[in-house]
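# predicted structure and sequence below. I'll ask about it afterward.
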Amino acid sequence: MWQDSFHKPVIVLALFAFGMTIIPINDALIKLMSAYLSLGQIMFVRAIFSIIIVMLFSRGISKMFTLPAQVFWLFVGRGMCIVVAMISFFAALGSLPLAIAISIFFVSPLFITLLSVPFLGETIGIHRAIAVLIGLVGMIVIIQPGGDEFRPETLLVVLSAFSYAMCQIWTRRLSGMGDLATMVSVQQICYLVVGGLLDIMNIFTQRPDSDNPTIDFLLRVPATASLMDYLFILICGISVLLLSVTSAHAYRVLEASVIAPFEYVAIPSGIFWGMLIWDEWPETSAWIGMFLILVGGLYMVFRERARDVDVTLSSPMPAAAAASQNFDFDEEDTDGINKDDSDK
């Protein structure tokens, strides 16, 4: 059955890597619009586009209303983790070069690997531990804490990376609850609500622009967007939605510490767009840091082999949660029967 192939480790990781490759397009476009639009405005409009796309290709929005209350709020908690990650990252992106921000963000796979031990009960061998250590050294080289080149905005990127890691750990813990389309739908609703609230707050405060691009992007009053801006936001919505689907699927069926290294494939793409649009060429320290992060990730990849993880449940799922993990699943299971990933 063709659906079974989407649960093979090679296919899952390839789709996830593709999603990570195109996501810097979203980053570049949002950085471009950060000079004149507000972050809340972009979040709100992008969420609307994404929700429309979800409604066209799945029943995730309608299924969201049938979730048991406990499962729904768990999905909201996961969604808020990714919202915090987004706000922190893009606020910092208003001041930082694209390549630097993306490179620092890729401490997130290290956080995922470390957090997988206490939260998921996964084990980290000596080789993974060495890889994490190498990556952390690379992060420190890029950030240069305490040095003359240190920029406070880099800490926002670290916060973003940690929150993103928590989101992916949460995704793994929720692998037996609900379906993928519903999880992605709740995430987009979180974007919509937070973006709208941020816009309302900025409208009432009417704070004038300052000399700090990060603060301005976060607290600017929503401005009139052009047709091209809406096209950019639509492209952002498609790229983020694609990553949301491939990422959530990957972390639901494979070990988090195995998937984490494939996050790094976005680094070359981010460097390319930064050079193309803003002529940003990373400094020597950034190149060294990125090299160490990549070495750590590749070392982990070659030492550890991805394997399938059978998701078995210790108790029956609620009816709404018994749906297949596939994004385009159409049939409802109303009997609360246990399912695992082999039932696709």
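Yep, that arrived. The shown structure was predicted, so the numbers you read here are calculated from the model rather than taken from an experiment.
# show me what the one helix or strand Met139 maps to is in contact with.
In this structure, Met139 is located in helix 126-143 according to DSSP states H and E. With contact meaning CB atoms under 8 Å, 6 or more residues apart in numbering, helix 126-143 is reached by 100, 103-104, 106-107, 109-110, 113-114, 124, 150, 154, 158, 257, 261, 285-286, 288-293, 295-297, 299-300, 303-304. All C-beta atoms are positioned from the backbone trio N, CA, C, and that covers glycine.
# how about it: buried residues?
Across helix 126-143, burial judged by 16 or more other CB atoms under 10 Å covers Arg128, Ala131, Val132, Ile134, Gly135, Leu136, Gly138, Met139, Val141, Ile142, Ile143.
# wait, which of these is closest to Asp216?
Ile143 (22.9 Å; CB to CB).
# show the end-to-end separation of stretch 252-265, please.
Length of stretch 252-265, first residue to last, CA to CA, to the nearest Å: 20 Å.
# one more: stretch 276-289?
21 Å.
# need the contact partners of that stretch.
28, 32, 97-100, 103, 138-142, 144, 149, 271, 274-275, 290.
# at 6 Å instead, please
Outside stretch 276-289, the residues within contact range by CB atoms under 6 Å, 6 or more residues apart in numbering are Ala28, Pro97, Ala99, Ile100, Gly138, Val141, Ile142, Gly274.
# and the buried residues of helix 126-143, which is the shakiest by pLDDT?
Across the buried residues of helix 126-143, the bottom pLDDT score, 82, is held by Arg128.
# so what's the residue count around Gln70?
11 (other CB atoms under 10 Å).
# measure it to Gly121 for me?
For Gln70, the distance to Gly121 equals 22 Å [CB to CB, to the nearest Å].
# in the stretch 101-250 of the chain, which spans are strands?
When assigned using DSSP state E, counting those that start in this stretch, the stretch 101-250 of the chain turns out to have no strands.
# could you give me the buried positions within stretch 224-241?
Going by 16+ other CB under 10 Å, stretch 224-241 has these buried residues: Ala225, Asp229, Phe232, Ile233, Leu234, Ile235, Cys236, Gly237, Ile238, Ser239, Val240, Leu241.
# so for that stretch, mean pLDDT?
pLDDT averaged over stretch 224-241 gives 92.
# need phi/psi at Phe65.
Phe65 has phi and psi values of phi -80, psi -10 when expressed as degrees, to the nearest 10.
# now the helix holding Met139 - C-alpha only, PDB.
Extracted C-alpha coordinates of helix 126-143, given in PDB (Å, rounded to 0.1, in the frame of the first residue of the first chain):
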ATOM      1  CA  ILE A 126      28.900   8.200  23.500                       C
ATOM      2  CA  HIS A 127      28.900   9.200  19.800                       C
ATOM      3  CA  ARG A 128      25.800  11.300  20.100                       C
ATOM      4  CA  ALA A 129      27.200  12.900  23.200                       C
ATOM      5  CA  ILE A 130      30.400  13.900  21.400                       C
ATOM      6  CA  ALA A 131      28.300  15.200  18.500                       C
ATOM      7  CA  VAL A 132      26.200  17.400  20.800                       C
ATOM      8  CA  LEU A 133      29.400  18.700  22.500                       C
ATOM      9  CA  ILE A 134      30.900  19.700  19.100                       C
ATOM     10  CA  GLY A 135      27.700  21.400  18.100                       C
ATOM     11  CA  LEU A 136      27.500  23.400  21.400                       C
ATOM     12  CA  VAL A 137      31.100  24.600  20.900                       C
ATOM     13  CA  GLY A 138      30.000  25.700  17.400                       C
ATOM     14  CA  MET A 139      27.100  27.700  18.800                       C
ATOM     15  CA  ILE A 140      29.400  29.400  21.300                       C
ATOM     16  CA  VAL A 141      31.800  30.400  18.600                       C
ATOM     17  CA  ILE A 142      29.000  32.000  16.600                       C
ATOM     18  CA  ILE A 143      27.400  33.800  19.500                       C
END
